[in-house]
Structure formats: C-alpha cells, structure tokens
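Enquirer: Got a predicted structure plus its sequence, pasted below:
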Amino acid sequence: MTPAAEHAIAYRQCSWQSDRDALLAVRIAVFVDEQAVPLALEVDDCDPAAIHWLVVDGSGAPIATARLVDATKIGRLAVLAAWRGRGIAQRLMALAEAEARRLGSCRLTLGAQLQATGFYAALGYREAGAPFDDAGIAHIEMVKALR
C-alpha cells in the first residue's frame, strides 16, 4: 500500500442493507478466518437494525468496521490485521460513542475479548461482571457512562 492510500482512509456511517458485503468482508477476515468464529454466529438478527461504520482505504477497499445496537451496545469492532495499530479502532469507538450520545444514550456496553480489555479500559470502559464464553472466545462485559 502506498503512503497516499494510507492517508486517504475514509470513515462513514452506513447500514447493513447498503453495505452488507463490505462489512462482512472485514468481519469474516477478522472473526471467522483469524479467530475461528463460525459464520452462523458472526451474523445475527441485530445487523439489519444496527448503525454500522465502514472504513475504507484510498482504493475503496474495506479495512475496518463497527456497529451500534439500540444506541446502547457497541459490537463487531474489527480492523484488518495490516491496518491495526494506526488508531482506526479508537476513531471507530469515538464515532460510535458520539452517535450514542446524539441518540440520547447515557451508557454504553460491549462484550470485550479478554485480550482487548486494556484497549477498552484506556477509552474509559470498566469491567462489569464475570468472564463469559462467546463463540469459543473468553469475553467480559464492559461499560462506560456517557456524559
């Protein structure tokens, strides 16, 4: 990838109906291919009504995604391996939090994979409850009050 393509990253809010294939391309690469989550568990009934974000590179190829369900739960945050460590996930979280605030939410929850709790804690999320299994991966619920 060229430096120009890296700087041309675009973030946009979208819907499942308009961008299903691009959203799925990222989620399948990260969750199904990398983490062995069954595809049947990756796509759920929340997708059609959720607010989604899609991140594309300078060529228009999908590189990251996230979703907001019922203005209260962030999920399906995924960044392709080659694009990690560039602040993309943090920006997606900020966009989702801003939209939740706009919709009147005062609290957000998410199910964090245990190895990602440090990332979410740095963004102000706190662990709530005991670890649980989700699709064969250890998770914990995390919450953040929105002000």
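Expert: Ah, there it is.
Enquirer: can we go C-alpha only for contacts and neighbour counts from here?
Expert: OK.
Enquirer: Listing request: residues of the protein with sub-threshold pLDDT.
Expert: Judged by pLDDT under 70, the chain has its weakly predicted residues at 1-7.
Enquirer: hmm, try it at 90
Expert: 1-8, 40, 147 (pLDDT under 90).
Enquirer: Which parts of the chain are strands?
Expert: With strands called from DSSP state E, the chain shows them at 10-14, 51-56, 62-69, 73-79, 107-113, 126-127, 132-134, 137-145.
Enquirer: could these go into TSV alongside distance to residue 85 and mean neighbour count?
Expert: Formatted as TSV, those follow (distance: least, CA to CA, whole Å; neighbours: other CA atoms under 10 Å):
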stretch	distance to residue 85	mean neighbour count
strand 10-14	16	15
strand 51-56	15	22
strand 62-69	12	25
strand 73-79	9	22
strand 107-113	17	21
strand 126-127	22	18
strand 132-134	25	13
strand 137-145	21	18
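Enquirer: wait, doesn't residue 130 sit right on residue 142?
Expert: No - with contacts counted by CA atoms under 8 Å, residue 130 stays clear of residue 142, the gap being 10.2 Å.
Enquirer: Next, the buried residues of the longest helix seen in the chain.
Expert: Longest among the helix segments of the chain by residue count, using DSSP state H, is helix 88-102. Buried residues in helix 88-102, counting neighbours by 16 or more other CA atoms under 10 Å, are found at 88-90, 92-93, 95-97, 99-101.
Enquirer: Which of those residues sits closest to residue 122?
Expert: Relative to residue 122, the closest of the buried residues of helix 88-102 is residue 90; by CA to CA it sits at 9.8 Å.
Enquirer: Skipping adjacent residues, who's closest to the closest one in space?
Expert: Closest residue to residue 90 apart from its sequence neighbours, by CA to CA, 6 or more residues apart in numbering: residue 123 at 7.9 Å.
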